[in-house]
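S.K.: got a predicted structure here, sequence first:
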Amino acid sequence: MIDTITCQRCGTARPSTGVHRCPGPADPAAALGLGGAAVVALEALRTVGSPVVVGGTVRDALLRESGRTVPATAVPDVDIEVYGTDLDAVSAALRAVGAVVVRAGVRFEVLKVVLDGTHLDVATVASPGGDAPFTAAASRRDVTVDAVAWDPVTNEYVDAFGGIDDAVVGVLRHTSERFGDDPLRVLRAVQLVARFGLEVDDGTVALARTLVDRFGEVAHERVWPEIRKTALGDHVSAALEVLHDTGWDVHLPELAALRDVPQDPHWHPEGPVHVHAGLAGDAAARACTEDGVRGDDRVVIVLAAVLHDLGKAGSGTQVSSEEGTPRIRSLGHEVSGAVAARELLRRLGAPRAVVDRVVPLVREHMVVHSAGGAPPSVAATRRLFRRLGGTLSAAEAWARVCEADSRGRGPASGPSAAREWFAVMLRDVSTRPRAGLLTGRDLLDAGLTPGPRFREVLAAATEAEDDGVFTDLGGARDWLRDWLRAHLADGAQRDG
């Protein structure tokens, strides 16, 4: 007797094993986000075989239907499998409707297709249509929610491994033992948790643990895209917990070292540093989502929020006792944390542009606390502005990271004064003629020759401008004349 279960989506009885066909959406093109070009491609492919849409397009439609938020992607790709044909026939059919087609892949050859700006990945399954070849093809996919297909002919979802039910209840579960064919799939599970708020099945976690030592098999350039996608999700702390539960945080040792590092309970009642890192990441991600911050701007802010306290690991946190009361401090952790963040991101393959934006945010996240809250002077905000890179986008990212730091403290969460600092910077930049009034040309006109003295004078000029000693070009040149007179005189006295 074959056991039956009830489909969580359509409510019909189905065999507990085998392929289930579930009625498709009322408006398939809208539900799956299929534009006109994808529809044209599917029609062309029907002339040479039996196409089905697979992968993220179908997964996202099912997750949206179950009430989950699906982050928008800039250029959504459409994955298609065509049964009962070969790549040559598929390529010819697609070129006949105006598509640009390129073969790619070594072990599993696919077609990279562009049609009217729509990107498609098309693979073939040589066997004719039917349950057996579909089940075999689906078993090669990593998790069940990614193994569901949509049949454009019958408008049905086709499911061999319970992916529809898993999408409804929000579970990530490996499709088969072939999950281990590619160890990168563990990091892919982490980013799917971050983006969709799913829970990972215990069996999948256990399988992922067996793959820890195979991280070295993953090509370096494949790691960063998964880390980047993790930062695009709102469920950062949940993703970090999966990283830990699977044991894969061993490959991010700077982050793993935050585990159970204590914090002063007055300032951090949420608990140890790893808890704070996750909550700060969540706060940064939510704020970016609410305010429409996307792309690398969001990635930089979320990663900086997660990594801002890396310097508290190991000797970065000092525990002492004063009159019998434990005291926990992390002096200078912002500086050592910036070094650790740079090393970690470089190893993960982050682009230099991203690394160079994250590091100053980590290094400067304690400025507000050190100053006691509101900016003490315009000069202080100017100096910070320059240290952050001298752009309003960097200053705003810094304010967002500081806000996430303050919002990621459990019962002690609250707003950060960093917004006040940023408001001062914004007003200052909009009212000052320009930053760096004094230039190398002014130094040449004053009779200096290029060399080390140039850097010394320009650094002193920047500090003086930040302190408000001069506010226009005339004042800058007067300051230069006085500075040179004083310093050249001092040099002459020393030489004498």
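M.R.: Nice, thanks for sending it over.
S.K.: CA atoms for contacts and neighbours, from now on please.
M.R.: Fine.
S.K.: tell me the domain ranges of this structure?
M.R.: Domain assignment of the chain by automatic domain parsing yields the ranges 19-178, 182-251, 258-431, 440-495.
S.K.: which among the ones you listed is found nearest to D3?
M.R.: Checking the domains of the chain against D3 by Cα to Cα gives domain 19-178 as the closest, at 13.6 Å.
S.K.: and the closest one, end to end?
M.R.: Start to finish, the residues bounding domain 19-178 are 19 Å apart (Cα to Cα, to the nearest Å).
S.K.: same check on stretch 143-154?
M.R.: Start-to-end span of stretch 143-154 (Cα to Cα) is 24 Å.
S.K.: what are the buried residues along that stretch?
M.R.: For stretch 143-154, a neighbour-count test (16 or more other Cα atoms under 10 Å) marks V143, T144, V145, D146, A147, V148, A149, W150, D151, P152 as buried.
S.K.: thought the second one was touching D165?
M.R.: In other words, T144. No - counting by Cα atoms under 8 Å, T144 does not reach D165; the two are 9.2 Å apart.
S.K.: what residues are up against the residue nearest to E364 when sequence neighbours are not counted?
M.R.: Distances taken as Cα to Cα, 6 or more residues apart in numbering place E334 nearest to E364, at 6.8 Å, with adjacent residues excluded. Listed by Cα atoms under 8 Å, 6 or more residues apart in numbering, the contact set of E334 reads H308, D309, L310, G311, V362, R363, E364, H365, M366.
S.K.: let's see the pLDDT reported for D472.
M.R.: At D472, the pLDDT value in this model is 81.
S.K.: what comes into contact with stretch 56-69?
M.R.: Contacts for stretch 56-69 (Cα under 8 Å, 6+ apart): 31-33, 70, 76-79, 145-146, 148-150, 164, 167-168, 170, 196.
S.K.: what do you get if the cut-off is 10 Å, keeping everything else the same?
M.R.: 9, 24-25, 28, 30-34, 70-72, 76-80, 144-150, 157, 163-170, 195-198, 233-234 (Cα atoms under 10 Å, 6 or more residues apart in numbering).
S.K.: buried only: go through those residues for me.
M.R.: Among these, those that count as buried by neighbour count (16+ other Cα under 10 Å) are 9, 24-25, 31-34, 77-80, 144-150, 157, 163-168, 170, 195-198, 233-234.
S.K.: looking at those residues, which are in helices?
M.R.: Of the buried ones among the contacts of stretch 56-69, the ones assigned to helices by DSSP state H are A31, L32, G163, I164, D165, D166, A167, V168, R195, F196.
S.K.: want to throw those residues into JSON lines with pLDDT?
M.R.: Below are those laid out as JSON lines (pLDDT from 0 to 100):
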{"residue": "A31", "pLDDT": "94"}
{"residue": "L32", "pLDDT": "94"}
{"residue": "G163", "pLDDT": "97"}
{"residue": "I164", "pLDDT": "97"}
{"residue": "D165", "pLDDT": "96"}
{"residue": "D166", "pLDDT": "97"}
{"residue": "A167", "pLDDT": "97"}
{"residue": "V168", "pLDDT": "96"}
{"residue": "R195", "pLDDT": "96"}
{"residue": "F196", "pLDDT": "96"}
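S.K.: quick check: end-to-end length of stretch 265-280?
M.R.: With Cα to Cα as the measure, the ends of stretch 265-280 fall 16 Å from one another.
S.K.: helices along the stretch 201-350 of the chain, start to end?
M.R.: Residue ranges of the helices in the stretch 201-350 of the chain, as given by DSSP state H, counting those that start in this stretch, are 202-209, 223-231, 236-245, 253-256, 273-291, 295-307, 333-347.
S.K.: buried deepest among those, which one?
M.R.: For the helices of the stretch 201-350 of the chain, the largest average neighbour count (mean count of other Cα atoms under 10 Å) is found in helix 295-307, namely a mean of 26.
S.K.: element containing A37?
M.R.: Here A37 sits within helix 36-45, counting by DSSP states H and E.
S.K.: which strands or helices does that helix pack on?
M.R.: In terms of contacts (3 or more Cα pairs under 10 Å, 6 or more residues apart in numbering; DSSP states H and E), helix 36-45 is packed against helix 28-32, strand 50-54, strand 78-83, helix 87-96, strand 110-115, strand 118-125.
S.K.: about what we covered before: any residues in contact with both of T144 and D165?
M.R.: Both T144 and D165 are contacted by D159, V171, under the criterion Cα under 10 Å, 6+ apart.
S.K.: still on that earlier bit, as CSV, the ones in helices among the buried ones among the contacts of stretch 56-69 with distance to L303 would be great.
M.R.: Below are these laid out as CSV (distance: Cα to Cα, whole Å):
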residue, distance to L303
A31, 32
L32, 30
G163, 31
I164, 32
D165, 33
D166, 29
A167, 28
V168, 30
R195, 14
F196, 18
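S.K.: pull the helix or strand with minimum mean pLDDT from the chain.
M.R.: None of the helices or strands of the chain scores lower by mean pLDDT, DSSP states H and E than helix 473-495, at a mean of 73.
S.K.: circling back to that earlier point, pick the most buried one from the helices and strands packed on helix 36-45.
M.R.: Mean neighbour counts for the helices and strands packed on helix 36-45 (mean count of other Cα under 10 Å) peak at strand 50-54, with a mean of 25.
S.K.: tell me which other helices or strands that strand touches.
M.R.: Helices and strands touching strand 50-54, by 3+ Cα pairs under 10 Å, 6+ apart, are helix 36-45, strand 78-83, strand 118-125, strand 149-151, strand 156-159.
S.K.: so which of these gets nearest E420?
M.R.: Nearest of the helices and strands packed on strand 50-54 to E420, taken as Cα to Cα: strand 118-125 at 44.0 Å.
S.K.: assign a three-state SS to R103, would you?
M.R.: Following DSSP: H, G, I helix; E, B strand; the rest coil, the label given to R103 is strand.
S.K.: do you know how far the residue nearest to it when sequence neighbours are not counted is from G49?
M.R.: Counting by Cα to Cα, 6+ apart, L111 is the residue found nearest to R103 once chain neighbours are left out, at 4.6 Å. From L111 across to G49, the span is 15 Å (Cα to Cα).
S.K.: what's the answer for G447, then?
M.R.: Per Cα to Cα, G447 is found 79 Å from G49.
S.K.: try V171
M.R.: Distance, V171 to G49, by Cα to Cα: 33 Å.
S.K.: same check on T230?
M.R.: Computed as Cα to Cα, the T230 to G49 distance reads 36 Å.
S.K.: ok, now which ones touch V158?
M.R.: Counting by Cα under 10 Å, 6+ apart, V158 has contacts 19-24, 52-54, 131, 134-135, 147-151, 164.
S.K.: what do you get if the cut-off is 6 Å, keeping everything else the same?
M.R.: By Cα atoms under 6 Å, 6 or more residues apart in numbering, V158 lies in contact with H20, R21, V148, A149, W150.
S.K.: sweet, I'm off.
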